[in-house]
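K.L.:
let's see this in three dimensions:
(chains A and B)
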Amino acid sequence: MKNIFLADDDADDRDFFIDALKEVSLPTDITLSNNGLELMKNLENLIQHPPPHVIFLDLNMPFKDGFQCLEEIRNTPKLKDIPVVIFSTSASDIYVDKTYEQGANYYIQKPSSFKLLVKSIEKVLSLEMWPSPKPQRENYILSIS
Amino acid sequence: MIRIQLAKALRSLAFLNTEKKKRAAELIVANKELVFQNEEKEKRAVELFIANKKLVVQNREKEKKAAELIIANKELAFQNEEKEKRAAELVIANKELVVQNKEKEKRAGELIIANKELAFLNDEKEKRAAELVIANKELAFQNEEKEKRASELIIANKELAFQGDLKERRATELIIANKELESFTYISSHDLQEPLRKIQIFSTRLIDDESQNLSEKGKSYVLGMNEASTRMQSLIRDLLGYSRTTTSERKFVSTNLNTVIELVKKDFIEIITAKNATIKVVGECDVPVIPFQFHQLIQNIIGNALKFSKPDLSPLIIVKSKIVKRSEVISDKPLSAEEYCHITITDNGIGFAHKFKDHIFELFKRLHDKDKIPGTGIGLAIVKKIVENHNGLITASSEINKGACFDIYIPSNLPL
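P.N.:
Numbering: from 1, shown residues only, chains lettered A, B, ... in the order given. The predicted structure follows:
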């Protein structure tokens, strides 16, 4: 059972993600957070338990955005090794560069079809990211087709 | 005898009577005389009285004057004494002056000697003064020249300051415009793409999961929706690319053109294989370029050459390149560089009408029905912008069904 965290303020995207997880061949357990603040609380609550296999992190969120969460996670000793995959609509160079510098493991631009979404999640779950190795810059963006 | 005596006495008495009568007459005359004289004397007495009064008045006047004269006299006597004193003093002073005069004469003699000495020195000084006057004129002339130059410099300086101000203003305007573009980029990269992506996911899910519940018509509607949203996605992506060519960092790196062509060939490997296309490279050039922009430039032109190919003819794309002098470049615009890398990309595709040779570089300009040949009309606008970012030139020439030719000139020296 893979323990997965998703932080996304968009209800549709959370629904797509839950539906996509059902089609993923691996058994998973999902913890949802509606924004960055909630994510950090959920991480704090679960700190006693085995940490999540991966966090899917949206960037544009109210209260606490993805950049702030990533910064906190990488600067908190108990959380710093948790793999983080950025999951954003935007693939702007500024975002990609900033999150790479901040220590995210991979960057995925949210796919525009449901099939690709399922593929993306399967791809992430197949990657060996524990304890988080930093990929090369040219392999940082995961493009699924 | 008594008669004689009486006669004698009578004679005497008569005589005496006449005498008395004479005397009485004489007395009357004398009396009259005396009255007259008295009257005269009274007249004179009155006159004398009047004269006397006058004299009294005159006397008083004279006395007053006399008193005044006495005072004046005393005054004069005093003044006289004073003058005598001063005269005595002047005598002493005069003696003193005589002594001083002698001293002065001595000094005058000395001064004459000194004067002669000075006159000689003066001559010398006049000579030097004349020399100095000439030197002064020279300096005055030089000064004027310098003043002229100074005023010229002041004017030039003001001009420069004004130009500087203008440039600063333009720079701030550009910064503002750039920020606006950045926010536009953000909106198109995120805010516009998000709802679009959802339309795409919902429509693909409708097709994938719900197709058994849809009629054929319903399915075609959903497919149409999906196609439209995909097209909008490419529009947004290309617009984003176009704005990036303006806002992104411009770092020039010396790049080999043929290496870029090899990379572009890889980008298009599927369509090259499918259309059995050939890309021929002639010549070689190293150009200082903004790498990702230059890659996009070549990609867009070769992409077009592959896209606008003739259906019954395998695409043949020829990329030629060589270094040329400025004089060999045909342009109506002023050229900044000495040497250019001249890149010619020709194809054997459907081409375009000659009259469109300039229009094809305009944003959103499309020459074909999008049902037949898809496209956003942004690709060549990006190409033109990239060429301009490199201070280069691009021209296109073609005729319908005779292929297209793009001439690109990129300065071969690094821009300063």
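
K.L.:
separation between B:Ala140 and B:Ile154?
P.N.:
B:Ala140 sits 20 Å away from B:Ile154, going by CB to CB, to the nearest Å. Where C-beta positions appear, they are placed from N, C-alpha and C, glycine not excepted.

K.L.:
now swap in B:Leu196 and tell me
P.N.:
According to CB to CB, B:Leu196 and B:Ile154 sit 60 Å apart.

K.L.:
for B:Asp407, same thing?
P.N.:
48 Å.

K.L.:
who has more neighbours, these two?
P.N.:
Neighbour count, other CB atoms under 10 Å in any protein chain shown: between B:Asp407 and B:Ile154, B:Asp407 has more, with 17 against 10.

K.L.:
so which strand or helix has that one?
P.N.:
Following DSSP states H and E, one finds B:Asp407 within strand B:404-411.

K.L.:
which helices and strands sit right next to that strand?
P.N.:
Under the contact definition 3 or more CB pairs under 8 Å, 6 or more residues apart in numbering or on different chains; DSSP states H and E, strand B:404-411 sits against strand B:286-289, helix B:291-307, strand B:339-346, strand B:393-398.

K.L.:
output the lowest mean pLDDT helix or strand found in chain A.
P.N.:
helix A:36-45 (a mean of 86; mean pLDDT, DSSP states H and E).

K.L.:
I'd say B:Ser254 and B:Cys285 touch.
P.N.:
No - between B:Ser254 and B:Cys285 there is no contact under CB atoms under 8 Å: 10.4 Å.

K.L.:
more neighbours, those two?
P.N.:
Neighbours per residue, other CB under 10 Å: of B:Ser254 and B:Cys285, the larger number sits with B:Cys285, 18 against 11.

K.L.:
OK, contacts around that one?
P.N.:
B:Asn256, B:Leu257, B:Ser321, B:Lys322, B:Ile323, B:Cys341, B:Ile343, B:Ser412 (CB atoms under 8 Å, 6 or more residues apart in numbering or on different chains).

K.L.:
and it, how far from chain A?
P.N.:
Distance of B:Cys285 to chain A, computed by CB to the nearest CB, to the nearest Å: 26 Å.

K.L.:
dihedrals phi and psi, that residue?
P.N.:
phi -140, psi 140 (degrees, to the nearest 10).

K.L.:
follow-up on the earlier one: want to try a markdown table for the contacts of B:Cys285, with distance to A:Phe87 as columns?
P.N.:
A markdown table is the format used below for the contacts of B:Cys285 (distance: CB to CB, whole Å):
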| residue | distance to A:Phe87 |
| --- | --- |
| B:Asn256 | 38 |
| B:Leu257 | 38 |
| B:Ser321 | 43 |
| B:Lys322 | 48 |
| B:Ile323 | 48 |
| B:Cys341 | 42 |
| B:Ile343 | 41 |
| B:Ser412 | 44 |
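
K.L.:
export the helices and strands packed on strand B:404-411 to TSV and tack on mean pLDDT?
P.N.:
Listed next are the helices and strands packed on strand B:404-411 as TSV, based on pLDDT from 0 to 100:
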stretch	mean pLDDT
strand B:286-289	87
helix B:291-307	88
strand B:339-346	90
strand B:393-398	89
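
K.L.:
rebuild those as TSV, extending it with mean neighbour count.
P.N.:
As requested, the helices and strands packed on strand B:404-411 are exported to TSV (neighbours: other CB atoms under 10 Å in any protein chain shown):
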stretch	mean neighbour count
strand B:286-289	21
helix B:291-307	21
strand B:339-346	21
strand B:393-398	19
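
K.L.:
can you list those in TSV and add distance to B:Leu192?
P.N.:
TSV is the format used below for those (distance: least, CB to CB, whole Å):
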stretch	distance to B:Leu192
strand B:286-289	30
helix B:291-307	21
strand B:339-346	33
strand B:393-398	29
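
K.L.:
A:Tyr107 is nearest to which of these?
P.N.:
helix B:291-307 (17.5 Å; CB to CB).

K.L.:
ok, and what's touching the closest one?
P.N.:
Contacts of helix B:291-307 with the rest of the structure, by CB under 8 Å, 6+ apart, involve B:241, B:245, B:248, B:253, B:255, B:257, B:260-261, B:263-264, B:267-268, B:271-272, B:275, B:277, B:279, B:287, B:315, B:317, B:319, B:345, B:347, B:349, B:373, B:375, B:379-380, B:382-383, B:386-387, B:389-390, B:404, B:406, B:408.

K.L.:
circling back to that earlier point, and B:Leu214, which of the helices and strands packed on strand B:404-411 is closest to it?
P.N.:
When the helices and strands packed on strand B:404-411 are compared by CB to CB, helix B:291-307 sits nearest B:Leu214, at 32.6 Å.

K.L.:
of the contacts of helix B:291-307, buried ones?
P.N.:
Neighbour counting with 16 or more other CB atoms under 10 Å in any protein chain shown marks B:241, B:245, B:255, B:257, B:260-261, B:264, B:268, B:272, B:275, B:277, B:279, B:287, B:315, B:317, B:319, B:345, B:347, B:349, B:375, B:379-380, B:382-383, B:386-387, B:389-390, B:404, B:406, B:408 as buried within the contacts of helix B:291-307.

K.L.:
which of those fall within helices?
P.N.:
The helices, defined by DSSP state H, take in B:241, B:245, B:257, B:260-261, B:264, B:272, B:275, B:379-380, B:382-383, B:386-387, B:389 from the buried ones among the contacts of helix B:291-307.

K.L.:
in chain A, which spans are strands?
P.N.:
A:2-7, A:28-33, A:54-57, A:84-88, A:106-109 (DSSP state E).

K.L.:
just list what the last one packs against, helices and strands only.
P.N.:
Taking 3+ CB pairs under 8 Å, 6+ apart as contact, the helices and strands that strand A:106-109 lies on are strand A:84-88, helix A:93-102, helix A:114-126.
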